[in-house]
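Participant: model this:
(one chain, ligands or ions: 2)
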Amino acid sequence: MRNSSKEKYKVAVLGSGNWGSVAAKLIASNTLRNNDFHGEVRMWVHDEILPSGEKLSTVINQTNVNVKYLPGVKLGKNVVADPDLDSSVGKIFAVRDANMLVFVTPHQFVDDVCKRLVGKIPGDVEAISLIKGMEVKVEGPRMISSVISEHLGVDCCVLMGANIAHEIAEEKFSEATIGYRVNTEAAKRWARLFSTPYFAVTAVQDVEGVEVCGTLKNVVAIAAGFVDGLNMGMNTKAAIIRIGLNEMRAFSKRLFPSVKDDTFFESCGVADLIATCFGGRNRKVAEAFAINGGQRAFKELEEEMLKGQKLQGVLTAEEVYGVLQKNKWLDLFPLFRTIHEICTGNRPVSAIISCNEPQLA
Ligand SMILES: NC(=O)c1ccc[n+]([C@@H]2O[C@H](COP(=O)([O-])OP(=O)(O)OC[C@H]3O[C@@H](n4cnc5c(N)ncnc54)[C@H](O)[C@@H]3O)[C@@H](O)[C@H]2O)c1
Ligand SMILES: O=P(O)(O)OC[C@H](O)CO
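Facilitator: Ligands and ions are numbered 1, 2, ... in the order given. Below is the predicted model of the structure:
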């Protein structure tokens, strides 16, 4: 539609953490090359004051580097950091004129971001979520793509995969999976926006499957960190990953019967599970939690070790536990259940290997 009217697609990236910054870099390299897209990529920054007394957004625009969340990596001159998400005073702000919105904040902030955008997004905007997480309220669980769609009335694809951000920043090869609902053209457009020779993107028609995989692997990564911290070796870790994959599949299908088995074999599935359980932040902080015998809280370790970056797995474990409790499924998901009970200090870290596996339907 936009191409026929010679209007180019304009991209805004909402979020500027570790992955948000790498996503902006990937996208910016493509918008310069591909005429379908407007060259400039606006990146909304949840602004903060750096120890130097300067604003993060100002320093990003001066140096072209996100010095706090992705130090040492040039984002591309066409990335413009914008601290103004939703101004209504008429000046340029992050989402103005954008028709492709990339959501990439930690999942606990997306509801607030969406609420601020209500009424400011035209109906023909397309969205994609790179956010690994879910929202659980009394009415039940909602995936983040649904939160975005329901608040803003836009179609929302997802992009998940074995994507440890700093490796992609160094342009080391990886794959990713786009999940889409019905709009194949939109899925292809998102794939063109993200694909590079070192970032291979595949699209599958299974939004929920892709998104639930990306969300639940963060919970399993906490368990992988526990067994690393307890120095239990690779056989135990492989067992935890296998049981975790099984619970991921069973949980996904109970929430969304349409989830496809094949999706677990895409990058968003088993590949992301492996990458996260060996190289992710959730694993790393959970390992420290175990080494400290559960005596130092996750929150404290997160602040000390990640310096502003956010864990998703601990909060997701709590959200998953809420779903299990509400549906009386606790006994069917002993690994997920035990992970949350350890995170909250109700069981010792050593309980991670005491889960007896039930027959999951
Ligand atoms: N880092 C990775 O390797 C990676 C890879 C793939 C997917 N992801 C997913 O991407 C999402 C974003 O993670 P990230 O790594 O870009 O972020 P991050 O954890 O590196 O950074 C935290 C971000 O949260 C922002 N923030 C803090 N308070 C906020 C608030 N009140 N409102 C809005 N933003 C606030 C900070 O400014 C910062 O940009 C997560 O769901 C994560 O699971 C991360
Ligand atoms: O560092 P983590 O544990 O948040 O995982 C990062 C990515 O999700 C890996 O794909």
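Participant: mind giving me the domain ranges of the protein?
Facilitator: With domains defined by automatic domain parsing, the chain comprises 9-205, 215-353.
Participant: can I get these in JSON lines with mean pLDDT and mean neighbour count?
Facilitator: Every C-beta, even on glycine, is put in place using the N, C-alpha and C of the backbone. Converted to JSON lines, the domains of the chain look like this (pLDDT from 0 to 100; neighbours: other C-beta atoms under 10 Å):
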{"stretch": "domain 9-205", "mean pLDDT": "94", "mean neighbour count": "19"}
{"stretch": "domain 215-353", "mean pLDDT": "97", "mean neighbour count": "20"}
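Participant: reformat those domains as CSV; add distance to ligand 2.
Facilitator: Formatted as CSV, the domains of the chain follow (distance: least, C-beta to the nearest ligand atom, whole Å):
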stretch, distance to ligand 2
domain 9-205, 4
domain 215-353, 3
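Participant: ranges for the helices of the protein?
Facilitator: With DSSP state H as the criterion, the chain has helices at 18-33, 56-63, 110-117, 144-152, 165-169, 184-194, 207-229, 234-255, 272-279, 281-291, 298-306, 313-327, 334-343.
Participant: what does the first one contact?
Facilitator: I take that to be helix 18-33. Among residues not part of helix 18-33, those counted as contacts by C-beta atoms under 8 Å, 6 or more residues apart in numbering are 11, 13-14, 16, 37-41, 43, 66, 69-70, 73-76, 78-79, 102, 104-105, 130, 163, 165-166, 168-169, 192-196, 199, 309.
Participant: show me the contacts for the residue of the chain found nearest ligand 1.
Facilitator: Nearest residue of the chain to ligand 1: Gly17, at 2.2 Å (C-beta to the nearest ligand atom). By C-beta under 8 Å, 6+ apart, the contact set of Gly17 is Tyr69, Val104, Thr105, Pro106, Gly308, Gln309, Lys310.
Participant: so which of the residues you listed also contact ligand 1?
Facilitator: Among these, the residues within reach of ligand 1 (C-beta under 6 Å from any ligand atom) are Tyr69, Val104, Thr105, Pro106, Gln309, Lys310.
Participant: test my guess that the second one contacts Gly133.
Facilitator: No: under the contact definition of C-beta atoms under 8 Å, Val104 does not touch Gly133, with a separation of 11.4 Å.
Participant: I'd like the helices of the chain written out as a markdown table, with distance to Val125 added.
Facilitator: Compiled in a markdown table, the helices of the chain are given as follows (distance: least, C-beta to C-beta, whole Å):
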| stretch | distance to Val125 |
| --- | --- |
| helix 18-33 | 16 |
| helix 56-63 | 23 |
| helix 110-117 | 10 |
| helix 144-152 | 8 |
| helix 165-169 | 25 |
| helix 184-194 | 11 |
| helix 207-229 | 17 |
| helix 234-255 | 27 |
| helix 272-279 | 27 |
| helix 281-291 | 31 |
| helix 298-306 | 32 |
| helix 313-327 | 27 |
| helix 334-343 | 35 |
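Participant: bridging residues for Cys157?
Facilitator: Ile128 (DSSP bridges).
Participant: list the contacts for it?
Facilitator: With contacts defined as C-beta under 8 Å, 6+ apart, Cys157 is in contact with 126-129, 145, 178-181, 183, 186-187, 190, 207.
Participant: how about 6 Å then?
Facilitator: Ile128, Ile178, Tyr180, Trp190 (C-beta atoms under 6 Å, 6 or more residues apart in numbering).
Participant: ditto for Val154
Facilitator: By C-beta under 6 Å, 6+ apart, the neighbours of Val154 are Val125, Ala127.
Participant: swap in 10 Å and give it another go.
Facilitator: By C-beta atoms under 10 Å, 6 or more residues apart in numbering, the residues touching Val154 are Asn99, Leu101, Leu117, Ile121, Pro122, Gly123, Asp124, Val125, Glu126, Ala127, Ile148.
Participant: next step: the residues you listed restricted to strands.
Facilitator: Leu101, Glu126, Ala127 (DSSP state E).
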